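Colleague: build the 3D model from these lines:
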Amino acid sequence: MRHRVHTFKNGKTGSHRRAMLANMVCSLIENGEIRTTVAKAKEARRLADKMITFGKKGDLHHRRLAVSRLRQKTAVKILFDELSPKYSERAGGYTRIVRTGQRRGDAAETCILQLVEAEFTPKPKKEKAEPKAEEAVKPETEETAVEEAKEETPAEEEKAEEAPATEEAKEEAVEEKAEEKAEEEKK
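Modeller: Residues are numbered from 1 along each chain as shown. Predicted coordinates for the structure are as follows:
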């Protein structure tokens, strides 16, 4: 029976699998995130969490264990000197997996494996376009436009004519000019 035996084979030999995971974890340590498949990310997460725990212990023995598993001294240096102090208060869970959908070509489930301290900004959900009923509900009458024009001082009018800052200000300026022309035609 295979009780409690966890082996991530993924169609690779043991040496290839260990080298692949070591490279993935080193890239994660150096860049803060990597893009990969979900199966590889789950296994890389296990190794990354163990390496960060080694870094938190910080002694020579654990540094040598990390070098023997990761095989890159620069990544181990970053791990022990920069990452481990950030996670000194955290008791595990140093990484997150954000699923990104299926890969084109073989439809493999892909994801982003990130260190937790890296900022995560999810994409905003698409909102359905609301009908322009709000604009129809609030029509501007000539009286309100005239009152708004009276409230502005001459200095404000000059600033508005010289450089309208936003699209709304430009639209208001165009509406005011159209109203002035309409008043002149009435006279």
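Colleague: burial of residue 74, as a residue count?
Modeller: Per other Cβ atoms under 10 Å, the neighbour tally for residue 74 reads 11. C-beta here means a position set from N, CA and C on the backbone, and glycine is covered the same way.
Colleague: go on, residue 21?
Modeller: Residue 21, neighbours per other Cβ under 10 Å, totals 21.
Colleague: what do you get for the one 5 residues further on?
Modeller: Other residues near residue 26 number 21, with proximity taken as other Cβ under 10 Å.
Colleague: which secondary structure state is assigned to residue 97?
Modeller: strand (DSSP: H, G, I helix; E, B strand; the rest coil).
Colleague: thought it was touching residue 44?
Modeller: No: using Cβ atoms under 8 Å, residue 97 is not in contact with residue 44; the gap is 9.6 Å.
Colleague: phi first, then psi, for residue 105.
Modeller: With angles defined as degrees, to the nearest 10, residue 105 sits at phi 110, psi -60.
Colleague: so what pLDDT did it get?
Modeller: Here the pLDDT value assigned to residue 105 is 93.
Colleague: with residue 176 instead?
Modeller: With respect to pLDDT, residue 176 has a value of 81.
Colleague: so which bits of the helix or strand that contains it are buried?
Modeller: Using DSSP states H and E, residue 176 sits within helix 167-186. The neighbour-count check on helix 167-186 (16 or more other Cβ atoms under 10 Å) flags 172, 176 as buried.
Colleague: ranges for the helices of the protein?
Modeller: Ranges of helices in the chain, per DSSP state H, are 14-31, 38-57, 60-70, 73-78, 84-86, 133-137, 142-151, 154-162, 167-186.
Colleague: tilt between the third one and helix 14-31?
Modeller: Between the axes of helix 60-70 and helix 14-31, defined by axes from the mean of the first three to the mean of the last three Cα atoms, to 10 degrees, the angle is 110 degrees.
Colleague: buried sites along helix 60-70?
Modeller: 62, 63, 65, 66, 67, 69, 70.
Colleague: hmm, residue 76 and the second one touching each other?
Modeller: Yes: between residue 63 and residue 76 there is a contact at 6.5 Å, judged by Cβ under 8 Å.
Colleague: now the helix holding residue 176 - C-alpha only, CSV.
Modeller: Extracted C-alpha coordinates of helix 167-186, given in CSV (Å, rounded to 0.1, in the frame of the first residue of the first chain):
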residue,chain,number,x,y,z
GLU,A,167,-13.6,65.9,-20.9
GLU,A,168,-16.5,67.0,-18.7
ALA,A,169,-15.2,70.5,-18.7
LYS,A,170,-14.8,70.4,-22.5
GLU,A,171,-18.3,69.2,-22.9
GLU,A,172,-19.7,71.9,-20.6
ALA,A,173,-17.8,74.6,-22.5
VAL,A,174,-19.3,73.3,-25.8
GLU,A,175,-22.8,73.2,-24.3
GLU,A,176,-22.4,76.8,-23.0
LYS,A,177,-21.3,78.0,-26.4
ALA,A,178,-24.3,76.3,-28.0
GLU,A,179,-26.6,77.9,-25.5
GLU,A,180,-25.2,81.3,-26.2
LYS,A,181,-25.7,80.9,-29.9
ALA,A,182,-29.3,79.8,-29.3
GLU,A,183,-29.9,82.9,-27.1
GLU,A,184,-28.5,85.2,-29.8
GLU,A,185,-30.7,83.5,-32.5
LYS,A,186,-33.8,84.1,-30.3
